[in-house]
Structure formats: C-alpha cells, structure tokens
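A.B. asks: this one's structure only:
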C-alpha cells in the first residue's frame, strides 16, 4: 500500500515527507494500524549521533498510537479491528527476561528496536524509486500514516480517550513514570530528585505526585522549571554550585531516589551527593563518554543503575497511566504540542530549543 511517511536519509539532513510503499501482508502475529499521532522522542533524534550504527534511510517514530485496521488473524489475539491502541517497544516474548516480565531487557532488544528489526523479516518499506528503507524502528516506524507492528507491541486503550495524544505513553512517559512506580516503588513520604525536566523527567514528577511522593526538579530552562512547579515539584536551576546541599535542605537530609535524564557527569555526581544513605540513582540517558564518579559518592549504601523503558510491562503500565490521567492525577497532555507530520523539522527544532516538551506528529490520515 502507498502512504506518506517522514524519511530521514542522512544523519545531518532534514526529514522529508515522501510517498513510500508499505508491504502490508501480515503474519499471524501482526496488525496494521492507522496512525493517529506519534510522539517525537530523543531516541529518534539520537540516530543523528549514531555514527552509522542505526540504519538509514529510515522511517523513525516509536511513540505511535492509532486504530487497528487489519489483523493477521493469529489465535488468541489481544487486539482486533477497530481497537484503539498505543504502540510500545518490541520484544521477543520468549527469552528469560521476557518470560520474567522484564521485556525492556529482552535478549534481542537492540536488534529488534534499534537495528532494523528481525533478520528474518522481509523488506517492509520502500521509497518511490523502490529503494529499501530500514523497517520497524522499535517495531513501529510510526512517523507515517500506517504501521505494521507485532501485536505484542500494541496495548488496547479506552476508545473514549484522545488516541492521537496517547503515543508518548508507549515510551517517554512510560519511562519516567515507570522509573518512579516500578524501579523505585516510590510512595507517600518518599522524596524524588529529577535531573532534567523534559518529557521523561516531568512524567516522573507527575508519577511521584500520583504516588504521594515529594519531588525536586532540576533543569536549565526556566519555562520547564515553571511547568515542573505547576506539576508539584520544587524547582531548582541546573547550577551545580551548592546543588546537592540545596536538595538536602529541601528534602530534610537528602532524596531517597534520584532520576537523571541528562547524562551530564557533573549533575550525576551532584545527584549522588544529594541522596540520603541507602538512596538510589536511576540513569535513563545514554552516556557517550566515560562516567567518572567523585570519591565518596557511593558511600553509605548509595546505589546507581540503568533503567530501560521504566522497567515496565507496557500492557500493565499504559492502562494505569490512562486511568491516572482520567482521574486528573497524571496530566500528560499538558506536556504535548501537536504538529502536522509535514512540520516534523519544526517540531525537532522546537524540541531541541526547549520550546516544547513533547511534540506529537499528526499524519494526514488523522484528519488534522
């Protein structure tokens, strides 16, 4: 089938909305989804820095949401035609991690999500000249009007919800909220430090509030700090001079948990210094340089670990976040600004400049 999609051809070039061909024959475990909206995530933009490790040209986009228009007819399918779905990351479903309810640590995570999909998959996307485009970015490639995805990636949601806005629940918002609710298990009386008030960080702030925990948000953008404060966090500018001492004063001796979304070495060390004894730091951003830790930062039982996709089982956490939003306890829509898919380059510029927290791209088929 022919459709429009945003194609990135070179690491330093613009996106281009092109007519592409999608091979829409479905295997038993696949579904065809009409994309209503797709969030733009930092991981999409990180392809520009991947130095050839990610396949280009490609259709990116991995925070898709939409309506199922066809299924492969596999037995026991969890979704059917007409269902509204949020798409999340791909996983194999049968390795030890997947069977242990930890699909974000799937043995095949990198191959399935970052490097073009399963080796046995036939070419899925081609451009107008017949040239192959890298398929299935995070099992989706959802900067497009349609996507063929494994049914395992799709989470059914209430059709009364604005499906075009829900895509970021599949990755960015899932990661921040999952770190708080799953990795840390934060609850009433706990204190959370969030370094970086972007989509992941502000999702963590909202989840902390929903769980009854206090949060402190650190960022260099005043507008994001103001939004963090509106969402219930104590705002602090990202000036490392005296930062740990200020956080210890605010939290009455130090935060129990900290989440870094910046990969800033000085801020990571300040975050560790700001933890109380036995405190935990979670890292979600990818470091491109070594991470030297200052002497003493891991004293008193403090720990540090990487957190992938919020340690989430998407089929459990995404419905929970939807219910929290309906109850007014996770107002993720306040972080979203929508753009037509044709304005994808403007959305990227606004994201880089901090003018928007979470861009959501609306394909022409969404009717917007």
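C.D. replies: Structure's in. What do you need? All figures in this text were calculated on a predicted structure; none of them were measured in a lab.

A.B. asks: just the strands in the stretch 101-250 of the chain please.
C.D. replies: 125-126, 132-133, 146-150, 154-157, 191-195, 214-219, 234-237 (DSSP state E, counting those that start in this stretch).

A.B. asks: quick one: low-confidence parts of the stretch 51-200 of the chain?
C.D. replies: 51-54, 75-76, 115-123, 135 (pLDDT under 70).

A.B. asks: could you dump the strands of the stretch 101-250 of the chain to a markdown table with distance to residue 176?
C.D. replies: All C-beta atoms are positioned from the backbone trio N, CA, C, and that covers glycine. Compiled in a markdown table, those are given as follows (distance: least, Cβ to Cβ, whole Å):
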| stretch | distance to residue 176 |
| --- | --- |
| strand 125-126 | 30 |
| strand 132-133 | 30 |
| strand 146-150 | 23 |
| strand 154-157 | 17 |
| strand 191-195 | 8 |
| strand 214-219 | 11 |
| strand 234-237 | 17 |
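
A.B. asks: ranking the ones you listed by burial, who's on top?
C.D. replies: strand 191-195 (a mean of 28; mean count of other Cβ atoms under 10 Å).

A.B. asks: counting contacts, what elements does that strand pack onto?
C.D. replies: With contacts taken as 3 or more Cβ pairs under 8 Å, 6 or more residues apart in numbering; DSSP states H and E, strand 191-195 sits against helix 199-211, strand 214-219, helix 243-251, strand 255-260, helix 265-273.

A.B. asks: re the thing from before, out of the strands of the stretch 101-250 of the chain, flag the one nearest residue 297.
C.D. replies: strand 191-195 (13.7 Å; Cβ to Cβ).

A.B. asks: relative to the closest one, what are the paired strands and their orientations?
C.D. replies: With DSSP bridges as the test, strand 191-195 is paired with strand 214-219 (parallel), strand 255-260 (parallel).

A.B. asks: okay if I get those strands as CSV plus distance to residue 96 and mean pLDDT?
C.D. replies: Below are the strands paired with strand 191-195 laid out as CSV (distance: least, Cβ to Cβ, whole Å; pLDDT from 0 to 100):
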stretch, distance to residue 96, mean pLDDT
strand 214-219, 34, 96
strand 255-260, 26, 98
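
A.B. asks: any chance you could map the helices in the stretch 1-150 of the chain?
C.D. replies: Applying DSSP state H, counting those that start in this stretch to the stretch 1-150 of the chain gives helices spanning 42-45, 96-99, 109-113.

A.B. asks: any idea which of the ones you listed gets closest to residue 87?
C.D. replies: Using Cβ to Cβ, the nearest of the helices of the stretch 1-150 of the chain to residue 87 is helix 109-113, at 11.9 Å.

A.B. asks: so can I have TSV of the helices of the stretch 1-150 of the chain showing distance to residue 301 and mean neighbour count?
C.D. replies: What follows is these, written out as TSV (distance: least, Cβ to Cβ, whole Å; neighbours: other Cβ atoms under 10 Å):
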stretch	distance to residue 301	mean neighbour count
helix 42-45	31	20
helix 96-99	27	14
helix 109-113	30	18
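
A.B. asks: mind putting those helices in JSON lines, distance to residue 233 included?
C.D. replies: Converted to JSON lines, the helices of the stretch 1-150 of the chain look like this (distance: least, Cβ to Cβ, whole Å):
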{"stretch": "helix 42-45", "distance to residue 233": "20"}
{"stretch": "helix 96-99", "distance to residue 233": "32"}
{"stretch": "helix 109-113", "distance to residue 233": "30"}
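
A.B. asks: enumerate every residue touching the nearest residue to residue 59 once chain neighbours are set aside.
C.D. replies: Of all residues beyond its chain neighbours, the one nearest residue 59 is residue 141 (4.0 Å), with distances taken as Cβ to Cβ, 6 or more residues apart in numbering. Each residue near residue 141 by Cβ atoms under 8 Å, 6 or more residues apart in numbering is listed here: 5, 58-61, 124-125, 133-135, 147.

A.B. asks: can you tell which of the helices and strands packed on strand 191-195 is closest to residue 163?
C.D. replies: Taking the helices and strands packed on strand 191-195 one by one with Cβ to Cβ, helix 199-211 is closest: 18.5 Å.

A.B. asks: same for the closest one, what does it pack against?
C.D. replies: helix 172-178, strand 191-195, strand 214-219, helix 222-230, strand 255-260.

A.B. asks: of all those, which lies closest to residue 343?
C.D. replies: Nearest of the helices and strands packed on helix 199-211 (Cβ to Cβ): helix 172-178, 19.3 Å.

A.B. asks: that closest one - contacts with which helices or strands?
C.D. replies: helix 199-211, helix 314-326.

A.B. asks: coming back round to it: to residue 164, which of the helices of the stretch 1-150 of the chain lies closest?
C.D. replies: By Cβ to Cβ (comparing all of the helices of the stretch 1-150 of the chain), the closest turns out to be helix 42-45, at 17.7 Å.

A.B. asks: and that closest one, what does it pack onto?
C.D. replies: helix 344-352.

A.B. asks: tell me the helix or strand right after the helix it packs on.
C.D. replies: strand 358-362 (DSSP states H and E).

A.B. asks: contacts for that next one, please.
C.D. replies: With Cβ under 8 Å, 6+ apart, strand 358-362 has contacts from 6, 36-40, 61, 63, 143, 164-165, 167-168, 172-173, 199, 332, 335-341, 343-344, 347-348, 350-351, 368.

A.B. asks: which among the helices and strands packed on helix 199-211 is found nearest to residue 203?
C.D. replies: That would be, of the helices and strands packed on helix 199-211 and by Cβ to Cβ, helix 172-178, which comes in at 3.0 Å.

A.B. asks: please state the offset of that closest one from the chain centre?
C.D. replies: 6 Å (Cα atoms, centre = their mean, to the nearest Å).

A.B. asks: swap in stretch 333-346?
C.D. replies: 15 Å.
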